[in-house]
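Participant: here is my input, please return the structure:
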Amino acid sequence: MDPAIANERPLLIRWMVYARAILISLLLFVPLLVINALQTLSLIVKPLSKPLFRGINRRLAQVYWSILVWFLEKVYRVRLKWQSAELPSREDAILIANHQTAVDVLPLFALAARSGRMGDMKFFVKDVFKYIPGPGWGMVFLDCIFLKRRWMSDRRRIKVTFERFRTENIPLWLNIFPEGTRFRLDKVREAQITAKHYQLPLCEHVLVPYAKAFETSILGLKNQVQAVYDITIGYPQGIPSLWQMLCGDVKQIEVRVDRFPLTSLPQEAQGIEQWLNERFWAKEQHLQRLHKSGSFTTPKKQASQALPLCADKGWTAG
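Facilitator: Below is the predicted model:
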């Protein structure tokens, strides 16, 4: 998102907007620390009842994340434009999404709220995140999976966590950002070098996804989850920072959700990796339409003329 948008405001209005953003930041962060304290107190009941311990933390997460969605939709009046078939209720699923900004988690929370799965959300996140007061500490209590980018140790940690999910029958909406980092132009250049090496399309709006965590999740949770939700998030006005979100510069977010039954996916590592690459190529095409027309939806009169803008002729998506 162009910072010049905010600078177009008169100076007094700009400072009022900044003051409001700081105030809302405090209103949202201080309660999160209170929730961290309550989560710490919940450790008292863990030796007595693990289901009660999880239930307390599930409810705390549900309350706080619901507040974030309320601010998104009611205070900031951001329009969430959905493209999604009806999702089955109470279905355990793996969610994969493109990652452009910290704001991306808000439409994911909104989707979970609409599906009644707010308290069941788990995330793959970088290990350093667990040391951050507020969101990081909170995720420790929610069985989120912290990765150190050392695959052998990460793989063991993932398998132990998945075994706990299965044996304790923990409801699950597992969120994965397969790109492994937020979208930046320097990362695009690096991704295009990787794409050339592996003869993949040269994309401009998504990065080459890392398949390891996704493969392990598909194979490790095949007896628990029923589907994969492929989520594409787009910002018609440009990718915003969290600060720009707090300043009210985000007016609309496009969200497309494609559901794939787990039984429809390949059941071996190479096939899963190819499937994931195909889905990110599909995301690239959705985002190309967004940048061209302001929407994921191609007008019917243009649909027959729509062609990929960066397709490699030697690669086709299924």
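Participant: backbone dihedrals for Val208, please?
Facilitator: Backbone torsions of Val208, given as degrees, to the nearest 10, read phi -70, psi 120.
Participant: and for stretch 142-158, what are the contacting residues?
Facilitator: 54, 57-58, 61, 121-127, 129-130, 139-140, 161, 164-165, 170, 212-213, 216-217, 220 (CB atoms under 8 Å, 6 or more residues apart in numbering). From N, CA and C alone the C-beta is placed, and that goes for glycine too.
Participant: quick check on these: which are buried?
Facilitator: Taking 16 or more other CB atoms under 10 Å as the criterion, what is buried in these is 54, 57-58, 61, 121-125, 127, 129, 139-140, 161, 165, 170, 212-213, 216-217, 220.
Participant: quick one on the thing from earlier: out of the contacts of stretch 142-158, list just those in strands.
Facilitator: Counting by DSSP state E, the contacts of stretch 142-158 place 121-126 in strands.
Participant: out of the residues you listed, the closest to Lys46 would be?
Facilitator: Closest to Lys46 out of the ones in strands among the contacts of stretch 142-158 is Lys122 (17.7 Å), distances taken as CB to CB.
Participant: give the contact list for that closest one.
Facilitator: 142-145, 172-175.
Participant: 10 Å instead, please
Facilitator: By CB atoms under 10 Å, 6 or more residues apart in numbering, the residues touching Lys122 are 94-95, 139, 142-145, 161, 165, 170-176.
Participant: any idea how far Pro107 is from it?
Facilitator: 17 Å (CB to CB, to the nearest Å).
Participant: same thing with Val34?
Facilitator: Using CB to CB, Val34 is found at 25 Å from Pro107.
Participant: more neighbours: these two, which one.
Facilitator: Per other CB atoms under 10 Å, whichever of Val34 and Pro107 has more neighbours is Pro107, with 23 against 11.
Participant: hmm, Trp82 and that one touching each other?
Facilitator: Yes. Between Pro107 and Trp82 there is a contact under CB atoms under 10 Å: 9.0 Å.
Participant: any residues in contact with both of the two?
Facilitator: Shared contacts of Pro107 and Trp82, counting by CB under 10 Å, 6+ apart, come down to 253-255, 257.
Participant: so what pairs up with Phe230 in the strands?
Facilitator: No Phe there; residue 230 is Asp. Beta-bridge partners recorded for Asp230 (DSSP bridges): Ile96, Asp258.
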